[in-house]
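> What shape does this take:
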Amino acid sequence: MNARVVITGIGLLSGLGEGPEAHWSGLNCEAPQPVVDETQFSPYPVHPLGPVDFSTQVPKKGDLRQMEPWQRIGTFAAGLALADAGIAGNQEYLDRTDMIVAAGSGERDTATDMKVLETIRGRNDQNIRANEILPSNLRPTLFLAQLSNLLAGNISIVHKVTGSSRTFMGEEMSGVAAVETAMRRIKAGQGDLFLVGGAFNSEREDILLNFELGGMLLQGQHKPIWERAGTTTSGLAPASIGAFLVLEEESKALSRGARIYAELEDVVSGRCDRKHCSAIDNACRQFASLQPKLNKDKQLAVLSGASGAEMATSEELSFLRGVVEQSYMTFIRAYGTVLGHGVEAHFPVGVALAAMALQRGAFYPPFDQSGIEHACAGTPEQILLTCWGHWRGEALALIRKAGH
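Sure, this is the predicted structure:
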């Protein structure tokens, strides 16, 4: 379990653009500006994608036609990560690249849903009529929603990634599980090259309905994450985003001359019932397990994956202030303020942002004016990443500068 896990490829696609450079430029500036649409799905703000030429990563029109947007986003981001790692098109490496994908249950066919509802309204034979409509309107790949493992299948087909494949479902914690599993398998010698990540499409009525039924959506004008904490206007602003990483065993990466962004030192995760302060207790135990690996200089950069939904956001802020700041001078950044909430992709996004900052030797400027995020003096050699699910699950990760 002593193998070191390094990040050698980053694929990002969001409203800020595509690739590490676009995201570094969009986030590492004097006043990072989120891309937000407050009108299309009013009163719910979303972070949409900008214009994307998907054919640059998915050249066959037939492949693109059979993918829904979330698959296009994920397949595109996976291609960016493979290219960034220098293994795209190299079948020697792709044949032994294992893949772990975080995915939801896919996108519903809302037109078919509406047709069913309109047809059965006021009828006594609702089940019979519904069963008559569904077989003729749903494609074989649908069970009212697309199969979650279609994303992994499309990545394999388009990019020729032919190692083992696994798909996790379960919102934010599926992204955590994907990265954590790959890391632990590399450390245990059960693989040395992994493609991991997830994708989310926020621009869909069905997913917004799901979140709103749980009272989880931000309404009205967009506001920074920490300004939502503890207020009656809390909630998440979902984002269309794809994030994939190439993780490798360090010596194998060095032997092929790969560029290393950073080391993924550890990931710890758990789940509680979210009773009052139970998430804080869970996070405290996780932080205690990471403390022996923290530098002794008492400065700690923190990338927070807080969603803006309550009570998770307020309790995470209490954890960061009450536990982390007691022992360290912390520099906190809630990246969801600028990028939105990527659900399954949110944790891989955080790992990517941490790796980019460590590789460039700088930390991001404050993303809001709440007073919680302070300018960072010096160059961080470690970044603590948090990811609390908007409903369940808590995770921490420690990313270290390469070679330290």
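> List the contacts of Gly24.
Check again: residue 24 is Trp, not Gly. Trp24 makes contacts with Met356, Arg360, as judged by CB atoms under 8 Å, 6 or more residues apart in numbering. (Glycine included, C-beta is placed from N, CA and C.)
> What of the one 3 residues further on?
Taking CB under 8 Å, 6+ apart as the criterion, Leu27 is in contact with Leu16, Tyr335, Val338, Leu353, Tyr364, Phe367.
> How about Leu236?
Taking CB under 8 Å, 6+ apart, one finds Phe211, Met216, Leu217, Leu218, Ser307, Gly308, Ala309, Gly336, His341, His390 in contact with Leu236.
> Pick the one among those closest to Glu250.
The nearest member of those to Glu250, counting by CB to CB, is Gly336 at 30.4 Å.
> Name the nearest residue to that closest one, ignoring sequence neighbours.
The shortest distance from Gly336 to any non-neighbouring residue, by CB to CB, 6 or more residues apart in numbering, is to Ile225 (5.2 Å).
> next one: Ala130
Once flanking residues are discounted, Ala130 sits nearest to Val116: 5.3 Å by CB to CB, 6+ apart.
> Confirm that the one you found lies within a helix, as I assumed.
Yes - residue state for Val116 (DSSP: H, G, I helix; E, B strand; the rest coil) corresponds to a helix.
> Give the pairing partners of the host helix or strand of Val196; include direction for each.
Counting by DSSP states H and E, the element that carries Val196 is strand 193-200. According to DSSP bridges, strand 193-200 forms sheet pairs with strand 98-102 (parallel), strand 241-249 (antiparallel).
> Would you map the helices across the stretch 201-350 of the chain?
205-213, 225-228, 250-255, 278-290, 312-319, 325-327, 336-339, 346-360 (DSSP state H, counting those that start in this stretch).
> Pull up the distance across stretch 99-118, start to finish.
Its start and end residues considered, stretch 99-118 measures 41 Å (CA to CA, to the nearest Å).
> now do stretch 178-194
For stretch 178-194, the end-to-end distance is 10 Å (CA to CA).
> Give me the distance between the residue nearest to Leu384 when sequence neighbours are not counted and His47.
Nearest residue to Leu384, sequence neighbours excluded (CB to CB, 6+ apart): Val302, at 4.9 Å. According to CB to CB, to the nearest Å, Val302 stands 22 Å off from His47.
> Looking at these two, which one has more neighbours?
Between Val302 and His47, His47 has the larger neighbour count (other CB atoms under 10 Å), namely 25 against 22.
> Next up, the contacts around the more buried one.
Contacts of His47 (CB under 8 Å, 6+ apart): 14-15, 34-37, 202, 237-241, 339-340.
> What ranges in the protein fall below the confidence cut-off?
1, 106-108, 136-146 (pLDDT under 70).
> hey, where'd the strands end up in it?
Here the chain has its strands, by DSSP state E, at 5-14, 17-18, 98-102, 165-168, 193-200, 241-249, 262-270, 299-304, 329-334, 382-388, 394-401.
> mind giving me CSV with those and columns for distance to Leu64?
Listed next are the strands of the chain as CSV, based on distance: least, CB to CB, whole Å:
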stretch, distance to Leu64
strand 5-14, 15
strand 17-18, 16
strand 98-102, 19
strand 165-168, 21
strand 193-200, 15
strand 241-249, 15
strand 262-270, 32
strand 299-304, 33
strand 329-334, 34
strand 382-388, 31
strand 394-401, 33
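> and of those strands, who's closest to Ala83?
strand 5-14 (7.7 Å).
> What strands flank that closest one, and is each parallel or antiparallel?
strand 17-18 (antiparallel), strand 241-249 (antiparallel), strand 262-270 (antiparallel).
> what's the neighbour count on Ala375?
8.
> Thought Pro365 was touching it, still the case?
Yes - here Ala375 reaches Pro365: they are 6.7 Å apart, a contact under CB atoms under 8 Å.
> what's near enough to touch Tyr261?
Counted by CB under 8 Å, 6+ apart, Tyr261 has contacts Val6, Ile7, Thr8, Ile10, Ala355, Met356, Leu358, Gln359, Ala402.
> ok, and the most crowded of those residues?
Across the contacts of Tyr261, neighbour numbers were computed from other CB under 10 Å; Ile7 holds the maximum, 30 neighbours.
> quick revisit: would CSV of the contacts of Tyr261 with distance to Ser289 be doable?
Compiled in CSV, these are given as follows (distance: CB to CB, whole Å):
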residue, distance to Ser289
Val6, 21
Ile7, 21
Thr8, 26
Ile10, 26
Ala355, 21
Met356, 26
Leu358, 21
Gln359, 26
Ala402, 23
